[in-house]
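1. no sequence for this one, just the structure:
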């Protein structure tokens, strides 16, 4: 046999090996053979639940089995995260994991029975950044005006945000440290109540998720001064980033990232099947249209990028943990 034929034969063998062993399909590994449950660590009707249900029906069509959502709310998400971390690593329990919520629970509370290493993040699908919002009739027209006033009048600006140990409390701590943003922090149970407080005049400014103020912005009753992202936010293209507004790059520490994770130890081929199903769902035109209708900000991160994001959030929580009250 000539060297050319030997080389061609070898190349064909390599290609066959690659096809059959690296591109594993669900039918080849026998997964999934029954419905898969998805743990949502927050109650029905909330942001995480709504997003989970939006992606669910598309993901299950690509997975080939029903995905059954189970709301396991309580303790700010800790109960659901614990159930996910302690589940059998067989691929039949997946869950929404929220960053930096899970990092704040692990980093700020005592005796939490799970660690970040107990999860394997598969894919991030949603990133909802924080914004600084004021009423339309506010004296503050720019973030720099608000920042200057806060420095000259420390503690005179009432800022409403989720707290005292939520995402936006973390973002406020970072902004206070890096910008000298001096406010009187007033805690609310979420971005919705904080936005309502702003509209009612109970606070002067709100630090909330971008999705929480979209409708109010369209109605012209609030003004968004800045968004905590390093690049222009596509759903608010006219709003300056925090660097554009102040000249200082502030990490988007509180940005609410939602993605899919499994307990540590799930077979890598099963992880791939799950990841592929959610990626296809993410790219489905029907899901894209639904997300746009719901005003849901989408952000895709593969597993390695999502893991990096989780670790960076951990570092920020550790750095600013002394800013938070003891839980």
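-> On my side now, so go ahead. Not measured: the values here are computed from a predicted model.

2. And the strands in this protein, which stretches?
-> 36-40, 67-71, 93-99, 119-128, 130-135, 158-162, 184-188, 205-209, 222-227, 256-263, 298-301 (DSSP state E).

3. I'd like those strands as a markdown table, with mean pLDDT appended.
-> Output for the strands of the chain, formatted as a markdown table (pLDDT from 0 to 100):
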| stretch | mean pLDDT |
| --- | --- |
| strand 36-40 | 98 |
| strand 67-71 | 97 |
| strand 93-99 | 96 |
| strand 119-128 | 96 |
| strand 130-135 | 96 |
| strand 158-162 | 94 |
| strand 184-188 | 93 |
| strand 205-209 | 94 |
| strand 222-227 | 96 |
| strand 256-263 | 96 |
| strand 298-301 | 94 |
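
4. Reformat these as CSV; add distance to residue 288 and mean neighbour count.
-> Where you see a C-beta, it was placed from the backbone N, CA and C, and this is true even at glycine. CSV is the format used below for these (distance: least, C-beta to C-beta, whole Å; neighbours: other C-beta atoms under 10 Å):
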stretch, distance to residue 288, mean neighbour count
strand 36-40, 20, 22
strand 67-71, 19, 16
strand 93-99, 19, 25
strand 119-128, 12, 23
strand 130-135, 23, 26
strand 158-162, 28, 26
strand 184-188, 31, 18
strand 205-209, 20, 28
strand 222-227, 22, 23
strand 256-263, 16, 25
strand 298-301, 8, 17
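
5. Adding distance to residue 50, write these out as TSV.
-> Below are the strands of the chain laid out as TSV (distance: least, C-beta to C-beta, whole Å):
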stretch	distance to residue 50
strand 36-40	10
strand 67-71	11
strand 93-99	11
strand 119-128	10
strand 130-135	19
strand 158-162	17
strand 184-188	19
strand 205-209	12
strand 222-227	21
strand 256-263	10
strand 298-301	14
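
6. and the residue nearest to residue 61 when sequence neighbours are not counted, how many neighbours does it have?
-> Closest residue to residue 61 apart from its sequence neighbours, by C-beta to C-beta, 6 or more residues apart in numbering: residue 281 at 7.6 Å. Other residues near residue 281 come to 23 when the count uses other C-beta atoms under 10 Å.

7. What distance do you get for residue 281 to residue 288?
-> 10 Å (C-beta to C-beta, to the nearest Å).

8. what does residue 62 give?
-> 15 Å.

9. before we move on, the earlier item: nearest to residue 325, out of the strands of the chain?
-> strand 184-188 (9.6 Å; C-beta to C-beta).

10. Residue 62 and residue 288 - which one has more neighbours?
-> Neighbour count, other C-beta under 10 Å: between residue 62 and residue 288, residue 62 has more, with 17 against 14.

11. of the strands of the chain, which approaches residue 77 most closely?
-> strand 93-99 (6.3 Å).

12. Residue ranges in this protein under the pLDDT threshold?
-> 1-28, 326-327 (pLDDT under 70).

13. I'd like the distance between the residue nearest to the spatial centre of the chain and residue 305.
-> Centroid check for the chain by C-alpha atoms, centre = their mean gives residue 257 as the closest residue, at 0.8 Å. Residue 257 sits 11 Å away from residue 305, going by C-beta to C-beta.

14. Can you check which residues contact both of these two?
-> Overlap of the contact sets of residue 257 and residue 305 (by C-beta atoms under 8 Å, 6 or more residues apart in numbering) consists of residue 124.

15. quick one: the helices in the stretch 201-327 of the chain?
-> With helices called from DSSP state H, counting those that start in this stretch, the stretch 201-327 of the chain shows them at 210-219, 242-246, 268-283, 285-294, 303-319.

16. any idea of the angle the third one forms with helix 303-319?
-> If you take axes from the mean of the first three to the mean of the last three C-alpha atoms, to 10 degrees, helix 268-283 sits at 90 degrees to helix 303-319.

17. Packing partners of helix 268-283?
-> helix 26-29, helix 47-63, strand 119-128, strand 256-263, strand 298-301 (3 or more C-beta pairs under 8 Å, 6 or more residues apart in numbering; DSSP states H and E).

18. Need the contact partners of the longest one.
-> What that stands for is helix 47-63. 26, 32, 36, 38, 40-43, 66-67, 69, 71, 96, 98, 125-126, 128, 191, 209, 211, 256, 258, 273-274, 276-278, 280-282, 284, 286-287, 290-291, 294, 296.

19. mind checking how far that helix is from the chain centre?
-> 15 Å (C-alpha atoms, centre = their mean, to the nearest Å).

20. same deal with the last one?
-> Here the centre of mass of C-alpha atoms in strand 298-301, compared against the chain's by C-alpha atoms, centre = their mean, lies 9 Å away.

21. Walk me through which strands that strand pairs with, and which way each runs.
-> Sheet pairing of strand 298-301 (DSSP bridges) gives strand 119-128 (antiparallel).

22. and the angle for the partner strand with strand 256-263?
-> Using the same axes, to 10 degrees: strand 119-128 against strand 256-263 is 160 degrees.

23. Cheers, nothing more for now.
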